[in-house]
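**Student:** below is the sequence, then the predicted model.
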Amino acid sequence: MSDICLVTLNSTYQHTAFGLRYLYANLKELQPKAKILEFTIHRPAQEIVDSLLALNPKIIGFGIYIWNTNQSLKVVELLKQQRPDVCLVLGGPEVSYETEKQKITQLADYVICGEADFLFYEFCHQVLVLNERPKQRIIRGPLPEISQIQSPYNHFTDQDIEKRIVYVEASRGCPYKCEYCLSSLDKSVRNFPLEKFLSDLQILIDRGARQFKFIDRTFNLSPSISGRILGFFLEKIASGLDLHLHFEMVPDRLPDELKLLIKKFPLGSLQFEIGVQTWNPQVAALVSRRQDYQKVQENLKFLKQETGVHTHVDLIAGLPGETLESFAKGFDSLSSLDPGEIQVGILKRLKGTPIIRHDQEWQMRYSAEPPFQILETKTMTVMELEKMQKFSKFWDLIANSGNFVLTFQKIREENSQSSLFEWFWNLTDFLQTRHPLGHSIHLLDLVRSLLIYFEEICKWQVKEILATDYQNGRPGPLPVFLRSETNKLLTHPTENLAPAHLPKRQKLHFQFSRLKKELGEGRVQHEHERAQEKELKPLHEIEIERQ
């Protein structure tokens, strides 16, 4: 039995509901009456409802996000049908703006807009303790004083720490006004008290946490604060801990004091998500994005050449004024800097963002269904944007995934004097024909398709490279179609050297980075070249023994 149920639908199990833990942490004397319940968007709605109603709650607080809107609506509909007496209150970014227009908010009893750390407690206190319901359905309030917010970190369970993503934040807000982002509505950046935050991190580390994902929009905005945090983690690493840290970074703000710290981190311990978003200065100006492109280039080169940071750089397709040609040019410019990953996203119309001011002039037409992606603009057609989605998917599977690191180096080398975007744009047509669904593509099927394209269309001899990539972390015989007269059972010299705490994708990138350092850029060493050193038997002999 729980009077208060705090609920959300995560996109996958590995994600944790950070916002719910904040609400729970700030419930004061009502905390013993509350329970956090997390489901995934794949769970049947009736099962979720049954789980909630079995607790006989008086209040159900539901976190609504862009990825769970439709699934949450089904749950809310069933809840109101089966138990209309239960007080249902919604919160989260998806219902905090354009609130009255949404079907899900019309079904709910109340909606709390914005940061609800204190507002949710006040609401529950009024309903449960004072035994009265608020008169206003839509509840808004001032931003909570950040130093007074109770931290959520002790409400990560041991299982969360062991198997799921541990989110942390040292600050809230963003000083930039990029019109496609909800953070453009923030008035300022507010920092949590640093000593208390570092103390919370130490407790998590003592409990076994080794991966930390910072959700701060601009982690490197204040070098003095970010420097203290990086120094804290460096001390832990120096004491023998293997850590993996993810930060969102401003691309053109990397002062020397931060560079010196970053260079000290070992390979694989840092991942920077860097939002470049557009390489077109005119488009950037249209959406009020300010960045120094010269500094961006210098910083990306520094990270690539002088550090062990894995970079994840974001670009957005479909911004007002962007054409396919200008996007391609920007993509090639960014790609020439060879970041760890380029994430191609499609513009989404997030509720409340000022991007809508361009709708008429640039003929911006968005999908009515989540995630509300752009369908067409004055300068990009429906067909171009549809194909861009497929391009993004296949790029992620091949260039970003870590499954094809050597193969991708070959692709880069072959396109060093031409457009990598154009080459991959053409590959997208071929792969879409062979994999029309665009999802749930088995790795072996993708490898087979690439081999056909390389050998029959490009006339490249890449079987050895594809075979090496395929065996990265996959010991055992090669698939028949990857075997040749020369290749043997391939085993990377860096196999199993990636720290156990790294996510799967980062492990593959880590092993490749180690391989490059040991063998030199672009060089592939097969096991048959090393057989005499390692006394490894060729594939056909191993198979004979198994028989």
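**Tutor:** Now that the structure is in, tell me what you want to look at.

**Student:** from here on, contacts and neighbour counts on C-alpha atoms
**Tutor:** Noted.

**Student:** contacts only, for residue 271.
**Tutor:** Residue 271 makes contacts with 244-247, 309-312, as judged by CA atoms under 8 Å, 6 or more residues apart in numbering.

**Student:** can you tell me the SS state at the spatially most central residue of the chain?
**Tutor:** In the chain, the residue lying closest to the centroid (CA atoms, centre = their mean) is residue 273, at 8.4 Å. What DSSP: H, G, I helix; E, B strand; the rest coil gives for residue 273 is strand.

**Student:** kindly report the same for the one 3 residues further on.
**Tutor:** Using three-state DSSP as the criterion, the local structure at residue 276 reads strand.

**Student:** residues touching it, list them.
**Tutor:** Residues in contact with residue 276 (CA under 8 Å, 6+ apart) are 251, 313-315.

**Student:** I figured residue 508 hits residue 402, correct?
**Tutor:** Yes: counting by CA atoms under 8 Å, residue 508 touches residue 402, with 4.9 Å between them.

**Student:** so which of these two has more stuff around it?
**Tutor:** Neighbour totals were compared for residue 508 and residue 402, and residue 402 leads with 24 against 21 (other CA atoms under 10 Å).

**Student:** just say helix, strand or coil for that one.
**Tutor:** Classification of residue 402 using three-state DSSP returns coil.

**Student:** for it, grab phi and psi.
**Tutor:** phi 90, psi -10 (degrees, to the nearest 10).

**Student:** if I look at it, how far off is residue 265?
**Tutor:** Taking CA to CA, to the nearest Å as the measure, residue 402 falls 21 Å from residue 265.

**Student:** could you report the neighbour count for residue 265?
**Tutor:** Residue 265 has 20 neighbours, counted by other CA under 10 Å.

**Student:** narrow the contacts of residue 271 to just the buried residues.
**Tutor:** Among those, those classed as buried by 16 or more other CA atoms under 10 Å are 244-247, 309-312.

**Student:** nearest spatial neighbour of residue 381, skipping sequence neighbours?
**Tutor:** In this structure, residue 381 finds its nearest non-sequential neighbour in residue 375, 7.9 Å apart by CA to CA, 6 or more residues apart in numbering.

**Student:** same question but for residue 172, I mixed them up
**Tutor:** Going by CA to CA, 6+ apart, residue 172 has residue 190 as its nearest residue, at 5.3 Å.

**Student:** for the one you found, give me the pLDDT.
**Tutor:** Here the pLDDT value assigned to residue 190 is 96.

**Student:** distance of it from residue 424?
**Tutor:** Distance from residue 190 to residue 424, counting by CA to CA: 42 Å.

**Student:** what of residue 393?
**Tutor:** Plainly put, residue 393 is 11 Å away from residue 424 if you go by CA to CA.

**Student:** my guess is the residue nearest to the centre of the chain contacts residue 314. True?
**Tutor:** Yes: assessed by CA under 8 Å, residue 273 is found in contact with residue 314 at 7.4 Å.

**Student:** in helices only, show me the buried ones among the contacts of residue 271.
**Tutor:** Among those, none falls in helices (DSSP state H).

**Student:** between these, which is closest to residue 93?
**Tutor:** residue 247 (21.1 Å; CA to CA).

**Student:** list the contacts of the closest one.
**Tutor:** Here residue 247 is in contact with 213-216, 219, 270-273 (CA under 8 Å, 6+ apart).

**Student:** what does stretch 453-463 rub up against?
**Tutor:** Taking CA under 8 Å, 6+ apart as the rule, stretch 453-463 contacts 407, 427, 430, 451, 482-484.

**Student:** and it, C-alpha only, in CSV?
**Tutor:** C-alpha atoms of stretch 453-463 as CSV (Å, rounded to 0.1, in the frame of the first residue of the first chain):
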residue,chain,number,x,y,z
TYR,A,453,28.6,-3.1,-51.8
PHE,A,454,32.4,-2.8,-51.3
GLU,A,455,33.3,-5.7,-53.7
GLU,A,456,30.6,-5.3,-56.4
ILE,A,457,29.9,-1.5,-56.4
CYS,A,458,33.2,0.0,-55.1
LYS,A,459,35.5,-2.7,-56.4
TRP,A,460,37.4,-2.7,-53.0
GLN,A,461,39.1,-5.7,-51.5
VAL,A,462,38.0,-5.4,-47.9
LYS,A,463,37.2,-8.9,-46.7
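
**Student:** and it, what's buried?
**Tutor:** 453-454, 462-463.

**Student:** same question, stretch 364-374
**Tutor:** 364-366, 370-374.

**Student:** now stretch 433-444
**Tutor:** Buried residues in stretch 433-444, counted by 16+ other CA under 10 Å: residue 435.

**Student:** got the contact list for stretch 97-111?
**Tutor:** Outside stretch 97-111, the residues that touch it by CA under 8 Å, 6+ apart are 73, 76-77, 80, 87-91, 95-96, 113, 136-139, 351-352.

**Student:** in the stretch 401-547 of the chain, where is pLDDT below threshold?
**Tutor:** 473, 485-501, 511-547 (pLDDT under 70).
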